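*Asks:* one predicted model, sequence on top.
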Amino acid sequence: MFVAGRKRKLAAEPRQASGSRGALSALALEAEINRWYVLGRENFRERQYRNALDYHNRAVALAAKEGVRDAKLYSARAHTLYKLREFTRALSDAREAVRIDTSSSAGYMCMASILADAGKPEEALAVAKQGLGQADTRASEYKHLQLLCSSLSLRLDPAHQPAIESDTDPITRLPADLVVMIMRLLDTRMLSICRNVSTRWLHLIDNMPVLWSKPCYLVESPARTLARQLPAYSKAQKRMQQRPYRAPPDAVIRRVFEKSQRSLVVATAPDGLAVSAKALETLLACPRPHLAHIAFGRASALSSKSINRILNWCLPAMVTDIRFPYCMQVGNDEIGVIAKLGHKLRALDISGCIRVSVKCLFMAWNSVLVGAHATTRIEELIINDHPGIAEFLVYSSKHRHFGKLRVLHAAIRDQAVFSMFKNLGPLLDYFRRIQITQAPFPDLRELNIDGIWDTTISNHRFESTQLSTLLLSCRLFACNLRRFSALDSSSASHNQMRYFFDHNLSSLHQLHLTRATNLDALVLAARTTGVGAMAEPLPLVSLDLSGCVGVTAQGLLALVACCRSLTHVNLCQTAADNSVLSKLTEIVNTPDASGIEVLVLDATDVTGAAVRDFAAACAARYRRQRNNQHAKRVWRLQLLDVDNCASVGSDAVALTRDLLSIMSTLVLAAI
């Protein structure tokens, strides 16, 4: 490709000899620009958009340096930026291409596509019509521009209903069982959209109750998945707030309850949705032979009468899971109904239900059970932000009603809950008088005590200090825990941490312990430097030690060296250095290891060279697995955060992004 402006300039100049230095330099310049352009197009065809953008940037910069402006260069870079979802920059380049060459069909095509994807179909149609009037009809993009113009016209026509021919309709072409399998993968929002495709689709979806049996109102986005895997990672929460969740309309809830009929398995209302009286009547009119899960999120606005009607309607069935988080209308009477009728109950969520008395909770189950040491079948109890957490721990040490718990969430995320604690002194005196013979929850496998050790409150209130010591006194740290979360553990003592690590580190799969100032290298190395420790690696999969400034790099290295199954790692604001990152690179290079998918090293002492080596190892692992035909799942690094790392320069960040562009890794780095 010869740049058009340079060709006109050469034609205007007098012809020189074949050995002329000026002609050779002009031809060399055009050849260099052509080379970067061709390399960019080749990488674009291979879907290596980051590499293609780099080559297009070089071509545009070299041409601009010589005062040459070619529309093809800008349109090619605009198309690449469009694929990278950088709409603002892509639109700027597309407009520049049209400004240079008013007959650039590629520029008009890119502008219209960007505006259409940005939710501006009217502006996109106007640009497409302008392009049809000025673009060259012989260009290859002209036909695509015509198709885009027709599509936008139909999209803006309110009377248009897309017709699906029976030969191409998947509903009629595919087997019925395969159609059902595909439709069951869609969430409730997509099912509502599919109902508007055609009459055939509407009839199929509305007359297939199994599609509405397990409604899903909240799509699992990458940011939400990351916030669930690493809840202390603040940047994931910010990304979720950028796209606020919108509750579905009440008509959708009623449709789900109506269409599910006898197949309803999960009766749920999402957070932020006030359940109307019509939706509630529709739910209570449904038969319940398969109902197993009932959950109403925050702001459901259910009255005590409505809650009692729901419980009396669902509990005689095979309901195993009941969740009423932060529902202020749930009180002791509702707990009594659950204890009396919930014979198959396995999970109960009463987070923030401050009207529920823990004493009445035990009395309700005591009236149903035979004997003080009889146990319920409840295996999961979530009692977050409840003023009776300490009371629950003390009563569980005396009575065995909830002795079969395997999952216990007793986190305090709202610090105002501490002000609701009452009579904690007499309760502790009672706890000292009773004789504890065994741990209250011997089968416990998952424990969440976020906020219990938060120093912002424990230094000011007697209740929070006594609650943190009660955790160790009542033997809450049972042996062989699988998952443990204690965010904001600023006031956790050395003895508490040492006791926990000695009894549980060898069995943990998830360890989230943030801002623990007393977590020093000796505690971390307690079970990782002994004799034969390397022969039995730790099974940790998710590790979050962010803000643990008291841990040295040697302690982190001793811990990471024993963990070959890590997939999610958050070491921001720690003493992690190149030695720790080199050990993580070895884990990536290990063929039988799971491979790290998320790595957060914000505000650490790693350098650019170590980050480049880690990125190169990840790219090599991805290529090996992609070429392996027997691999069931292709691994990839999803996120690498090296923000605020003073020793990581811009050159290292650019090279890291180029290496990881093959797997579309999100690289966060503020230079």
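*Replies:* That came through fine. Keep in mind it's a predicted model, so treat the numbers as computed, not measured.

*Asks:* after the longest helix along the chain comes which helix or strand?
*Replies:* What stands out as the longest helix in the chain, according to DSSP state H, is helix 21-45. Counting by DSSP states H and E, the next helix or strand C-terminal to helix 21-45 is helix 49-65.

*Asks:* any buried residues in the next helix or strand after that following helix, and which?
*Replies:* Once helix 49-65 ends, the next helix or strand along the chain (criterion: DSSP H and E) is helix 71-83. Residues of helix 71-83 classed as buried by neighbour count (16 or more other C-beta atoms under 10 Å): A71, K72, L73, Y74, S75, A76, R77, A78, H79, T80, L81, Y82. In short, each C-beta sits where N, CA and C put it, glycine included.

*Asks:* swap in stretch 396-410?
*Replies:* By 16+ other C-beta under 10 Å, the buried positions in stretch 396-410 come out as 396-405, 407-410.

*Asks:* report the central residue of the chain.
*Replies:* Nearest to the geometric centre of the chain sits T225, at 2.0 Å (C-alpha atoms, centre = their mean).

*Asks:* buried ones in the strand or helix carrying it?
*Replies:* Per DSSP H and E: T225 is located in helix 222-229. Neighbour-count burial for helix 222-229 flags A223, R224, L226, A227, Q229 (criterion: 16+ other C-beta under 10 Å).

*Asks:* repeat that for stretch 187-197.
*Replies:* T188, R189, L191, S192, C194, R195, V197.

*Asks:* stretch 428-445 now?
*Replies:* In stretch 428-445, counting by 16+ other C-beta under 10 Å, buried: L428, F431, A439, P440, F441, L444, R445.

*Asks:* so which of those sit within helices?
*Replies:* L428, F431.

*Asks:* of the buried residues of stretch 428-445, closest to S491?
*Replies:* L428 (17.7 Å; C-beta to C-beta).

*Asks:* that closest one and T469 touch, don't they?
*Replies:* No - under the criterion of C-beta atoms under 8 Å, L428 makes no contact with T469, lying 9.0 Å away.

*Asks:* intersection of neighbour lists for those two?
*Replies:* Common contact partners of L428 and T469 (C-beta atoms under 8 Å, 6 or more residues apart in numbering): none.

*Asks:* strands of this protein, start to end?
*Replies:* Secondary structure of the chain (DSSP state E): strands located at 266-269, 293-296, 321-323, 347-349, 380-382, 407-409, 446-448, 483-486, 510-513, 542-544, 568-570, 598-600, 639-641, 666-668.

*Asks:* of those strands, which is nearest A106?
*Replies:* Set against A106 and scored by C-beta to C-beta, the strands of the chain come closest in strand 666-668, at 28.9 Å.

*Asks:* so which residues make contact with that closest one?
*Replies:* With C-beta under 8 Å, 6+ apart, strand 666-668 has contacts from K235, D602, Q638, L639, L640, D641, V642, D643, V653, T656, R657, L660.

*Asks:* right, and the fifth one touches T665 too?
*Replies:* When you say that, I think you mean L640. Yes - using C-beta under 8 Å, L640 is in contact with T665, at 6.0 Å.

*Asks:* distance of S263 from S303?
*Replies:* 28 Å (C-beta to C-beta, to the nearest Å).

*Asks:* show me which of the two is the more surrounded one.
*Replies:* For S263 versus S303, neighbours defined as other C-beta atoms under 10 Å are more numerous around S263 (18 against 11).

*Asks:* for E334, which non-adjacent residue is spatially closest?
*Replies:* I307 (5.5 Å; C-beta to C-beta, 6 or more residues apart in numbering).

*Asks:* from D577, how far off is that neighbour?
*Replies:* Per C-beta to C-beta, I307 is found 54 Å from D577.

*Asks:* need the pLDDT of T168.
*Replies:* pLDDT recorded at T168 is 73.

*Asks:* please apply the same query to S20.
*Replies:* pLDDT, read off for S20, is 38.

*Asks:* need the helices for the stretch 551-671 of the chain, in chain order.
*Replies:* For the stretch 551-671 of the chain, helices defined by DSSP state H, counting those that start in this stretch occupy the ranges 553-560, 578-589, 608-627, 650-660.

*Asks:* tell me the buried residues in the last one?
*Replies:* By neighbour count, and taking 16+ other C-beta under 10 Å as the criterion, the buried residues in helix 650-660 are A652, V653, L655, T656, R657, D658, L659, L660.

*Asks:* and those residues as a markdown table, adding distance to S493 and pLDDT?
*Replies:* What follows is the buried residues of helix 650-660, written out as a markdown table (distance: C-beta to C-beta, whole Å; pLDDT from 0 to 100):
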| residue | distance to S493 | pLDDT |
| --- | --- | --- |
| A652 | 40 | 91 |
| V653 | 40 | 91 |
| L655 | 44 | 91 |
| T656 | 40 | 92 |
| R657 | 43 | 90 |
| D658 | 47 | 88 |
| L659 | 44 | 91 |
| L660 | 41 | 92 |
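
*Asks:* any chance of those residues in CSV, with distance to D544 too?
*Replies:* Shown next, in CSV, are the buried residues of helix 650-660 (distance: C-beta to C-beta, whole Å):
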residue, distance to D544
A652, 25
V653, 24
L655, 28
T656, 23
R657, 25
D658, 29
L659, 26
L660, 22
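
*Asks:* looking at those residues, which is nearest P209?
*Replies:* Once C-beta to C-beta is applied, the member of those that ends up nearest P209 is L660, at 45.1 Å.

*Asks:* so the closest one is in contact with A619, correct?
*Replies:* Yes - if you go by C-beta under 8 Å, L660 and A619 touch, sitting 6.4 Å apart.

*Asks:* CA atoms only for the helix holding T225, dumped as PDB, please.
*Replies:* The C-alpha trace of helix 222-229 is given here as PDB (Å, rounded to 0.1, in the frame of the first residue of the first chain):
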ATOM      1  CA  PRO A 222     -17.100 -10.700  35.800                       C
ATOM      2  CA  ALA A 223     -17.000  -8.000  38.400                       C
ATOM      3  CA  ARG A 224     -19.600  -9.700  40.500                       C
ATOM      4  CA  THR A 225     -17.800 -13.000  40.300                       C
ATOM      5  CA  LEU A 226     -14.600 -11.300  41.300                       C
ATOM      6  CA  ALA A 227     -16.300  -9.600  44.200                       C
ATOM      7  CA  ARG A 228     -17.600 -12.900  45.400                       C
ATOM      8  CA  GLN A 229     -14.200 -14.600  45.100                       C
END
